[in-house]
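1. With the input below, show me the fold.
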Amino acid sequence: MEPTQSGSGVVGRARAGTGDRADEEAAKRLQITDHVISRRAAIGGGLAGLAGLALFPVLSMAKEATPSDAFVILLKGLYQPVVHGPHLGLSMVDLNDGSYSTVPIYPISGVPGNTDTQKAIGDFYVQFEGDLCAYHIPGGSFAMRFTGSDVNTVPDGAGGSVLTGTWELTILEATGTYRPFVNGHNHMVDNLHFLASGGVDEYCICNVSRA
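-> The predicted structure is shown next:
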């Protein structure tokens with residue numbers, strides 16, 4: 001291996017075998033110094049890169065804000081009637097026509113934003129007397145139509161009943177980052193409890209995918 005030259009030439013002379021012990025010691029000190037400087041420069045460069053991300057949080061999070069080609073969410077809780085529905089930018093649904101009920105949406109996998117499965121990230125709106133529904137989650141909203149089902153209803157032993165099975169839905173329109181999901185599919189695995197009190201308790205896993 002060829003001798004390494006430094007700006008001062010000390011390392012080169014030390015490795016050239018001058019026999020001068022003082023020069024050898026000086027060379028070792030210079031090597032150590034060079035190593036420390038290089039390490040500091042590398043760490044400093046890394047910190048500078050992190051600082052750059054801190055200055056541009058939107059850019060650093062851009063990838064995280066993009067949904068996967070398929071994602072899974074959970075509808076869970078007691079349905080409530082929609083009184084003053086928000087405008088979701090969807091033309092297929094009118095949340096204020098009196099036909100919709102709503103329940104919170106929780107993340108399972110593939111959804112941008114919060115990943116805490118115990119924290120709601122949006123709202124689901126559905127017609128119990130109709131075939132339309134809408135979702136509003138981080139990144140946008142989308143409307144769907146129920147197209148098929150394989151369900152069964154049994155008494156719950158307390159005056160109510162439980163519907164279990166699957167539903168098939170087609171995505172009709174979408175906003176924001178979910179526009180590519182138009183004409184995509186939703187396979188629901190549902191456990192819908194119709195309480196004797198008249199309430200409806202939902203627990204439904206939605207497997208949403210692009211066309």
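
2. buried residues in the strand ranked longest in the chain?
-> Determined from DSSP state E, the single longest strand within the chain is strand 140-155. For strand 140-155, the neighbour count (16 or more other CB atoms under 10 Å) marks 140-146 as buried. Using the backbone N, CA and C atoms, a C-beta is placed for each residue, glycine as well.

3. Kindly report the same for stretch 169-179.
-> 169-174, 178.

4. just those residues: which has the poorest pLDDT?
-> Here the lowest pLDDT out of these sits on Tyr178, with 94.

5. doesn't that residue fall inside a strand?
-> No: assessed by DSSP: H, G, I helix; E, B strand; the rest coil, Tyr178 does not belong to a strand; its assignment is helix.

6. so it touches Gly139, yeah?
-> Yes: using CB atoms under 8 Å, Tyr178 makes contact with Gly139 at a distance of 6.1 Å.

7. still on that earlier bit, what strands line up against the longest strand of the chain, and which way round?
-> strand 132-137 (antiparallel), strand 161-174 (antiparallel) (DSSP bridges).

8. rewinding a little: would you list the buried residues of stretch 169-179 in a markdown table and tack on distance to Thr117?
-> Listed next are the buried residues of stretch 169-179 as a markdown table, based on distance: CB to CB, whole Å:
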| residue | distance to Thr117 |
| --- | --- |
| Leu169 | 22 |
| Thr170 | 27 |
| Ile171 | 23 |
| Leu172 | 28 |
| Glu173 | 28 |
| Ala174 | 23 |
| Tyr178 | 20 |
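
9. Just give me the closest of the residues you listed to Leu78.
-> Closest approach to Leu78 among the buried residues of stretch 169-179 (CB to CB): Leu169, at 21.8 Å.

10. Contacts only, for the closest one.
-> Contacts here follow CB atoms under 8 Å, 6 or more residues apart in numbering; on that basis Leu169 touches 133, 144-147, 185-188.

11. per-domain residue ranges of the protein.
-> 10-60, 70-209 (automatic domain parsing).

12. And the strands in the chain, which stretches?
-> Going by DSSP E, the chain shows strands at 70-78, 80-81, 100-109, 122-127, 132-137, 140-155, 161-174, 185-194, 200-209.

13. Run through the residues that contact Ser197.
-> With contacts defined as CB under 8 Å, 6+ apart, Ser197 is in contact with Gly160.

14. Against Leu78, how distant is it?
-> 10 Å (CB to CB, to the nearest Å).

15. Can I get stretch 82-97 as PDB, trimmed to CA atoms?
-> C-alpha atoms of stretch 82-97 as PDB (Å, rounded to 0.1, in the frame of the first residue of the first chain):
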ATOM      1  CA  VAL A  82     -76.300  12.400  10.700                       C
ATOM      2  CA  VAL A  83     -77.800  15.700  11.700                       C
ATOM      3  CA  HIS A  84     -75.400  18.200  10.100                       C
ATOM      4  CA  GLY A  85     -73.200  16.300   7.700                       C
ATOM      5  CA  PRO A  86     -70.000  17.700   6.400                       C
ATOM      6  CA  HIS A  87     -69.300  18.500   2.800                       C
ATOM      7  CA  LEU A  88     -67.000  15.800   1.600                       C
ATOM      8  CA  GLY A  89     -66.600  17.000  -2.000                       C
ATOM      9  CA  LEU A  90     -68.600  14.000  -3.300                       C
ATOM     10  CA  SER A  91     -71.400  14.300  -5.700                       C
ATOM     11  CA  MET A  92     -72.900  10.800  -5.200                       C
ATOM     12  CA  VAL A  93     -73.900  11.300  -1.600                       C
ATOM     13  CA  ASP A  94     -76.000  13.900   0.300                       C
ATOM     14  CA  LEU A  95     -75.200  13.400   3.900                       C
ATOM     15  CA  ASN A  96     -78.000  15.800   4.900                       C
ATOM     16  CA  ASP A  97     -80.900  14.100   3.200                       C
END
